[in-house]
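Q: With the input below, show me the fold.
(3 chains)
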Amino acid sequence: MATRHQKSLARLMVAPSVLLLLGWMIVPLSMTLWFSFQSYNLLSPGMEQFIGFTNYKYFLSDPAFWTAMANTLMIVGGVLAITVIGGVVLALLLDQPIMGQGIVRILMIAPFFIMPTVSALVWKNMFMNPVNGLFAWMAKAVGAQPIDFLAQYPLMSIILIVAWQWLPFATLILLTALQSLDSEQMEAAEMDGAGAWSKFTHLVLPHLSRAITVVILIETIFLLSVFAEILVTTNGGPGYASTNLTFLVYSQALLQYDVGGASAGGIVAVILANIVAIFLMRMIGKTLE
Amino acid sequence: MTTKMRGLLGACALTALAVPATAETLTIATVNNGDMIRMQKMTKPFTDANPDIQLEWVTLEENVLRQRVTTDIATKGGQYDIVTVGNYEVPIWAKQGWLMPLEDMGADYDADDILPPIRDGLSLDGKLYAAPFYGESAMIMYRKDLFEKAGLTMPERPTWDFVFDAARKITDKPNEVYGICLRGKAGWGENMAFITSMAASYGAPWFDMDWKPQFGSEAWKKALTDYVTILTEAGPPGASSNGFNENLALFQTGKCGMWMDATVAASFVSNPKESTVADKVGYALAPEGEKPAMWLWAWTLAVPASTDAPDAAKKFVGWATSKAYTEQVAAAEGWANVPPGTRTSLYENPEYQKAAPFAKPTLDSIMSADLKNPTTVEVPYIGTQWVGIPEFQALGTAVGQQFSAALAGQASVDQALQMAQQIAEREMAKAGYPK
Amino acid sequence: MARRVSDRRRWTFTILAWLVALAIFFPILWTILTSFKSEADAIASPPKFLFFDWTTENYAEVQARSPYFRHFTNSVVISIGSTLLGLLIAIPAAWSMAFQPGKRTKDLLMWMLSTKMMPAAGVLIPMYLLFRSSGLLDTRFGITFVLMLINLPIIIWMLYTYFREIPSEILEAARMDGASLKNEIVHVLTPMAVPGIASTMLLNVILAWNEAFWTLNLTTSKAAPLTTFIASYSSPEGLFYAKLSAASTMAIAPILILGWFSQKQLVRGLTFGAVK
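A: This next block holds a predicted model:
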């Protein structure tokens, strides 16, 4: 029932953000687009020339390209799975009557506050190192062979580290959504004889769906560009086992200051990310209505 | 005007006069190794002698530093007045005209005192473009006690075969003693530094004179096979993610019988505060195959051409790399902590020789490095454990990833070499070689 | 009807929750403990947990080496500044999208989110060149502005979601009572949305605090925040774990304390408005 005056006012209020984001997007984006069609290398300035789609052809024909794409999707999928499922479980746990709730909550949220580089370093050297690390020590204590996480399961290790960082975020959002669950409905269901599992699937999960959607959307945006953890632990290796698209752009282009190549890689990554986002919105967008 | 106002104005005027009109700030980008950090604490003599120069330090990890500095210099960003760069970048940047030649450095600077291999690597057309702060080569550090137990004596410069044989003999995996620790983490400055040097000593260059990659050669196959074999048989688990630091930790906790790496490691493993085997370490020169394995690296201070304080910058660079500075460090923290590897006079100093048991091997190593002829065949590039082309960072890392996969057992040596050849051919074609 | 919870159930869950929380917190605990060890102890194997020589030499060295206070101030200014700036722009936008949705609102929201999908590595050089030409390199304003831009989509999204939870009848009632638009936003909407705004603020402060790509590349010394401070401690040559742990502890302590105190706000805020 908005008046026309209000409608135009509304548009006015959205304007600054739209203009800013438009500017933020257009200016660097168009520069990047421009550079992607040039052979521009920082180390040989003054030699730029228009080379059409060569940079794109080069990036897409990189032997690591398809592996990197697959790895990117696996990292996103893996971390989402762990954090959403783990988040729901932890949220349910935290929702129970516990003593010292405040402290427990802070302990669980803490991983989110640490810089990704630092947590990756801690995991790599203090835990996963097969000689000096904690996991190795635990394995040896029970007489088992220590696992070389970063060499044998590089992608899984990265997923583990990133999931550890994002679990608190998911838990927190899901927990507070849980706490708004109508307890009367729960009791009514109980009185009707509903078991714990069916209470969960028919009452709790639907109520959480909106929160889960938000978690998935926000996390996906960040997970598509995981970078620091890979740089610090495996440097994309062994082979291409833990290289994702962002790391590929970095190692193939930025490392040799190939601005043209990096730009082309960036554009490709944006296109792919948008495709993923469209899929996501199709699948879960309805819950946001 | 009230008296108060006049008084205030007067005070302002006096303060304005007191501040020297030519106060300059030098922004210095440095790497965070021990010597550079020590320098930051010792700048008092310089600031006392130059009260109008203020020093602003930006300390970063090596790779981040390199990226930031290169970006800034290439885009003429002007953020830094002095940069710390390695002898890999200096020739490339000097050719681009990005660095100021370091001339007129003062009467007692004595540029001829700089160790010849290092000085030559930093000069273009006879002019010095960067002043070496710290130099290193490679050596083998080994456990004298383990060698004694196995009845082995380490020669001054062993052959690779001797090293492999010794490694197998002293390995005791059930007791966590690994015969040899070597770099395996993927990266142009990580595993590829070692492998490039090792391969060159096997007679395997990166490129032939037509800039064609040589990974299909017999020499490369032998080198990589030996590398993977010995680490699998006598190396620690997880070798494929071990860089310098991980191997350092292993050696210091007594788990490595031998470790070939940069000479700077010697000062760490012989430090009783950090190392449990400090008193049991012996030193030998890097092994030789067809040729001795060479390694030359120097961290240097250079002045970007885009700086707005060239004279002040040159003054600081001259001071930080002078003989007087080393004497200052020696007086404050002992000769063993002086930045090594730059000046002949340091190695002729009997006090230094006494304080640093690894001085002679370090000097011999550096002097035997020949940037222009790292291997048995002629090559179109310079470099000992690196290749002096701008594309090397990305190319080296990509090849390094393949080799680290071979070490991790995820690819055979042949597959790794094939991939490396493919990648290198692709990169070089894109970069337009031969140029 | 009050729900009586058996004591045994309470205890079981308490123990379980504490175990899980400690397991999750363990790496951080380890970092804090390591910051008090000597470098040799930090790499000792078997790992030393509590029984080692506690020392504060790492903190002393970290303090002596870098101007912690300057980095800290920069981090605070940048994080809070970019968040406040973002809120200023986002609140009107989110209001309009939540209460006056048009046909294109959903698309607009998705588009905003998509601006975050460009990998920073691809757009680094253009940004660096832009900053250089406009003299914004190594300025607090420059980096604050960039951080605001990269987080703006998230802020708008979260606010939009919270505003959607607020029943519009209340706002309409206020309107019918003759409240102007400004009054409507300031006196009716904002108080109800405070929890949501607070949690959005907290999330953004954390994201800006930890942002380690643009801060490392667009600042040098004057505007350098704690992320650069930490970056100077991870060295490829030489032991640093104890010192890095000390630097990290000094970097996360403020955020942990902030999180502790704003817990209630955070929890209330994330309840999506349904505090019945």
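Q: which bits of chain A sit near chain B?
A: A:41-45, A:58, A:63-64, A:124-125, A:129-132, A:146, A:148, A:150-152, A:233-241, A:243, A:251-258 (CB under 8 Å from any CB of the partner chain). Every C-beta, even on glycine, is put in place using the N, C-alpha and C of the backbone.
Q: Let's see that with 7 Å instead.
A: With CB under 7 Å from any CB of the partner chain as the criterion, chain A meets chain B at residues A:42-43, A:45, A:58, A:63, A:129-132, A:146, A:148, A:150-151, A:234-240, A:251-252, A:255-257.
Q: List the ones among those residues that fall in helices.
A: Residues of the residues of chain A next to chain B located in helices (DSSP state H): A:58, A:150-151, A:251-252.
Q: and which of those is nearest to residue C:83?
A: residue A:251 (32.7 Å; CB to CB).
Q: unless I'm mixing things up, residue B:430 is touching residue A:58, no?
A: Yes. The pair residue B:430 / residue A:58 is scored as a contact, 5.9 Å apart, by CB atoms under 7 Å.
Q: Compare these two and say which is more crowded by neighbours.
A: The neighbour count for residue B:430 versus residue A:58, taken as other CB atoms under 10 Å in any protein chain shown, is higher for residue A:58 (22 against 15).
Q: could you list every residue that touches that one?
A: Counting by CB atoms under 7 Å, 6 or more residues apart in numbering or on different chains, residue A:58 makes contact with A:261, B:430.
Q: so how far is residue B:428 from it?
A: 13 Å (CB to CB, to the nearest Å).
Q: How about the residue in the stretch 51-200 of chain B positioned nearest to chain C, nearest residue that isn't a chain neighbour?
A: Using CB to the nearest CB, the single residue of the stretch 51-200 of chain B nearest to chain C is residue B:59, 4.1 Å away. Spatial nearest neighbour of residue B:59, excluding adjacent residues (CB to CB, 6 or more residues apart in numbering or on different chains): residue C:232 at 4.1 Å.
Q: and the one you found, how many neighbours does it have?
A: Residues near residue C:232, counting by other CB under 10 Å: 27.
Q: wouldn't it be in contact with residue B:57 here?
A: No. Using CB under 7 Å, residue C:232 is not in contact with residue B:57, being 9.3 Å away.
Q: Show me which residues of stretch C:129-145 are buried.
A: Using 16 or more other CB atoms under 10 Å in any protein chain shown as the test for burial, stretch C:129-145 gives C:129-132, C:136-140, C:142-145.
Q: Filter these down to just the ones in helices.
A: Using DSSP H, the buried residues of stretch C:129-145 in helices are C:129-132, C:140, C:142-145.
Q: Can you name the residues that contact residue B:254?
A: Contacts of residue B:254 by CB under 7 Å, 6+ apart are B:276-277.
Q: and it, that one's in a helix?
A: No. With DSSP: H, G, I helix; E, B strand; the rest coil as the criterion, residue B:254 is coil rather than part of a helix.
Q: before we move on, back to that, for PyMOL, write the selection for the buried entries among the residues of chain A next to chain B.
A: To isolate the buried members of the residues of chain A next to chain B in PyMOL, using 16+ other CB under 10 Å:
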select buried, chain A and resi 42+43+58+129+130+131+132+146+148+150+151+234+235+236+237+238+239+240+251+252+255+256+257
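Q: Which of the residues of chain A next to chain B fall within strands?
A: Among the residues of chain A next to chain B, none falls in strands (DSSP state E).
Q: Can you dump the C-alpha atoms of stretch C:160-167 in CSV for me?
A: Extracted C-alpha coordinates of stretch C:160-167, given in CSV (Å, rounded to 0.1, in the frame of the first residue of the first chain):
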residue,chain,number,x,y,z
TYR,C,160,17.4,-7.4,4.6
THR,C,161,16.8,-10.8,6.2
TYR,C,162,16.3,-9.3,9.7
PHE,C,163,14.0,-6.5,8.4
ARG,C,164,11.9,-9.1,6.7
GLU,C,165,11.2,-10.6,10.0
ILE,C,166,9.8,-7.4,11.4
PRO,C,167,6.0,-7.4,11.0
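Q: So which residues make contact with stretch A:154-164?
A: A:71, A:74-75, A:78-79, A:82-83, A:111, A:119-120, A:123, A:128, A:149-150, A:223, A:226, A:229-230, A:233-234, A:238, A:241-242.
Q: And the helices in the chain?
A: Defaulting to chain A. Under DSSP H, chain A gives helices at A:4-36, A:54-60, A:65-95, A:101-109, A:116-121, A:134-141, A:149-152, A:154-178, A:183-191, A:196-199, A:205-223, A:228-233, A:245-252, A:259-284.
Q: try chain C instead
A: Using DSSP H, helices in chain C cover C:7-34, C:39-42, C:57-65, C:68-99, C:105-114, C:120-133, C:140-165, C:168-176, C:181-183, C:190-210, C:214-218, C:226-231, C:241-261, C:263-269.
Q: Mean pLDDT lowest where, among these?
A: The minimum mean pLDDT among the helices of chain C belongs to helix C:263-269 (a mean of 59).
Q: check contacts around the nearest residue to residue A:119 once chain neighbours are set aside.
A: Of all residues not flanking residue A:119 in the chain, residue A:165 sits nearest, at 5.9 Å (CB to CB, 6+ apart). If you count contacts by CB under 7 Å, 6+ apart, residue A:165 has them with A:111-112, A:116, A:119.
Q: In a markdown table: the residues you listed, plus pLDDT.
A: A markdown table is the format used below for the contacts of residue A:165 (pLDDT from 0 to 100):
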| residue | pLDDT |
| --- | --- |
| A:111 | 86 |
| A:112 | 82 |
| A:116 | 83 |
| A:119 | 83 |
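Q: returning to that earlier point: near chain A, which of the ones in helices among the buried residues of stretch C:129-145 show up?
A: residue C:130.
Q: And the ones in helices among the buried residues of stretch C:129-145, which is closest to chain B?
A: Looking across these and measuring by CB to the nearest CB, the closest to chain B is residue C:132, at 4.8 Å.
Q: so where's the stretch 51-200 of chain A uncertain?
A: For the stretch 51-200 of chain A, the stretches with pLDDT under 70 are A:180-182.
Q: Taking it, what residue is nearest to chain C?
A: residue A:176 (3.5 Å).
Q: Near that residue, how many other residues are there?
A: 22.
Q: what do you get for residue A:231?
A: By other CB under 10 Å, 20 other residues sit near residue A:231.
Q: Now for the nearest residue to it once chain neighbours are set aside, how many residues are close by?
A: Leaving aside its chain neighbours, residue A:231 sits nearest to residue A:247 (7.1 Å; criterion: CB to CB, 6+ apart). A count of neighbours around residue A:247, defined by other CB under 10 Å, yields 27.
Q: same thing with residue B:206?
A: Residue B:206 sits with 30 neighbouring residues when counted by other CB under 10 Å.
Q: isn't it right up against residue B:385?
A: No. Contact criterion CB under 7 Å: residue B:206 and residue B:385 do not qualify, at 11.2 Å.
Q: Contacts only, for residue A:93.
A: So residue A:93 contacts C:13, C:16-17, C:20 (CB under 7 Å, 6+ apart).
Q: okay if I get those as a markdown table plus distance to chain B and neighbour count?
A: Below are the contacts of residue A:93 laid out as a markdown table (distance: CB to the nearest CB, whole Å; neighbours: other CB atoms under 10 Å in any protein chain shown):
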| residue | distance to chain B | neighbour count |
| --- | --- | --- |
| C:13 | 39 | 19 |
| C:16 | 34 | 13 |
| C:17 | 34 | 23 |
| C:20 | 29 | 18 |
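Q: Many thanks, have a good one.
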